[in-house]
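1. Return atomic coordinates for the entry below.
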Amino acid sequence: MFARSEPPFAAPQSSVGQDLAWALLVAMFGYALSCVVILPGDVAKGFGLQFQALSADPPALLGQFPQRVLGPLLAWLCGEGGDGFVAFCRLYAVFLLATVCFFCCRRGAPAIDAGLVTLAVALTAPVQLYKDHWVGYPDALCYALFFWSLLASKRGAPLFWGLFLLNLLNHELAAFLLPWLWFVRRQVGAPWGCDALGAALAVALYGAWYLYVKAAAPGQVFHANYFREHPLFPGGSVVVWLLALVHLVTTFGPVLAVLAWHQHRREHGRERLHLWLVAGGVFVIFCIAFDWARHSNLVVLPLVLASLRFLAAGHRARYAGFVALGCGLMLWFPPWAPNAWPTDALANTTVLVETGMIVIENGDYFPGTLDSALHRWLPRVRPMLLPILGIGAAIWAAGWAMARRDGARAG
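-> Numbers count the residues shown, from 1 in each chain. Now for the predicted structure:
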């Protein structure tokens, strides 16, 4: 199905120092521009409260998931734990944007193209969702570390798998992208033995940390036993998968056409597997986790790779148009707020409870059955769900049409 090779990325056009300086400048500008669209909140929300509590004293292992220590620990080490944590999380967003820009430059993109890709990330879910809805979440650090893993893919196994360990310490969801990380190393011809040892060592070190936290943390809730006792699959997973698609359409918008274009250009060969390996990891995550509006943002990884190819093919004006159109649509129908359209009608607690998708027992929440998902929840939300999925299909079809046109010109 996939060719075994794809055209290599161009060599960097500038020095590391120049790329770092440009990346920092673009990141600050991109984040400032994103704040014109939506101002960052200054009060932690949801699990952000747990991260904030952990940042006040990480060695005390406070909160419901103290194993996710990296983001709060960095804030604490910088003297910004506790009350300063929410503001410190904005630096994670800037770090993500600087990382994306630097990554693009090191993959040979001209400075203007690297800037365009960075603005696309700044104006979509990986940054904007954490301004109002998920305030105080260090998820941007997770995305940035994955990009640094891509940058380190040709380096030694200790660096590459050390970054994986750091990502596990930020959130254990990194484990679900292990097949993708393994593929990244295979693409650069890294030694199998070194990678097997590096991956095993990273998993073992994290496992030791997890077991220590599980034994010592007084208030830990979200551990393996919790997810076994609150099964999401299959009914809850069906709902989450559909909500994730809605989230991608409404918070990434027209720029997703670039992913479709990339998939339908055969010369990109095995590189197209990046999308399916990342998507596969997210798909499995949603068999146990309900955070559809967070983990689906990992699509930013293949999206940036596809964007570089799209821009290199001479589609700079079209790419800028996609970003501008998406920003305009999100200003018109802002999907960021907690009760924003269309997520309010699809996924608020009232709808889920009334349709049997959430069963409340002794104050705890349990996902409903597959029958309640297909025969109660789905009919209730179908009038809004189908048009959004239709828009998503139209975006994908636009990317396919662009790829076909490019193929005809090349032929």
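
2. I'd like the next helix or strand past the host helix or strand of residue 276.
-> Residue 276 is part of helix 273-285, with elements assigned from DSSP states H and E. As assigned by DSSP H and E, the chain's next helix or strand after helix 273-285 is helix 292-295.

3. quick one: average confidence on that following helix?
-> The average pLDDT within helix 292-295 is 90.

4. Report the buried residues of that helix.
-> Neighbour-count burial for helix 292-295 flags 292, 293, 294, 295 (criterion: 16 or more other Cβ atoms under 10 Å). Where C-beta positions appear, they are placed from N, C-alpha and C, glycine not excepted.

5. Give me the residue at the spatial middle of this structure.
-> What sits nearest the mean C-alpha location of the chain, by Cα atoms, centre = their mean, is residue 298, with 2.4 Å.

6. Verify the contact between residue 374 and residue 238 for me.
-> Yes - under the criterion of Cβ atoms under 8 Å, residue 374 makes contact with residue 238 at 7.0 Å.

7. quick revisit: most widely separated two among the buried residues of helix 292-295?
-> 293 and 295 (8.4 Å; Cβ to Cβ).

8. Identify the contacts common to the two.
-> Common neighbours of residue 293 and residue 295 are listed as residue 244 (criterion: Cβ atoms under 8 Å, 6 or more residues apart in numbering).

9. Low-confidence ranges, the protein, go.
-> For the chain, the stretches flagged by pLDDT under 70 are 1-7, 336-345, 349, 361-364, 411.

10. What ranges does it have for its strands?
-> Along the chain, the stretches classed as strands by DSSP state E are 358-361, 364-367.

11. wait, which of these is closest to residue 255?
-> Nearest to residue 255, of all those, is strand 364-367, at 31.4 Å by Cβ to Cβ.

12. Which strands border that closest one, and is each parallel or antiparallel?
-> The sheet places strand 364-367 alongside strand 358-361 (antiparallel), with pairing taken from DSSP bridges.

13. who's in contact with the strand it pairs with?
-> 349, 352, 353, 365, 366, 367, 368.

14. go on, stretch 377-389?
-> Here stretch 377-389 has contacts from 239, 242, 245-246, 249-250, 342, 345-346, 351-352, 354-357, 368, using Cβ under 8 Å, 6+ apart.

15. Quick check on those residues: which are buried?
-> Neighbour-count burial (16+ other Cβ under 10 Å) is assigned, among the contacts of stretch 377-389, to 239, 242, 245-246, 249-250, 342, 346, 351-352, 355-357, 368.

16. re earlier: just the buried ones out of the contacts of strand 358-361, please.
-> Buried members of those, counted by 16+ other Cβ under 10 Å: 352, 367, 368.

17. out of everything not next to it in sequence, what's closest to the second one?
-> Meaning residue 367. residue 236 (2.9 Å; Cβ to Cβ, 6 or more residues apart in numbering).

18. Identify the residues contacting the one you found.
-> By Cβ under 8 Å, 6+ apart, the contact set of residue 236 is 290, 357, 367, 368, 373.

19. And residue 9, by the same measure?
-> Counting by Cβ under 8 Å, 6+ apart, residue 9 makes contact with 107, 108, 308.

20. My read is that the second one contacts residue 12, right?
-> Just to be clear, that refers to residue 108. Yes - in this structure, residue 108 is within contact of residue 12 by Cβ under 8 Å, at 5.8 Å.
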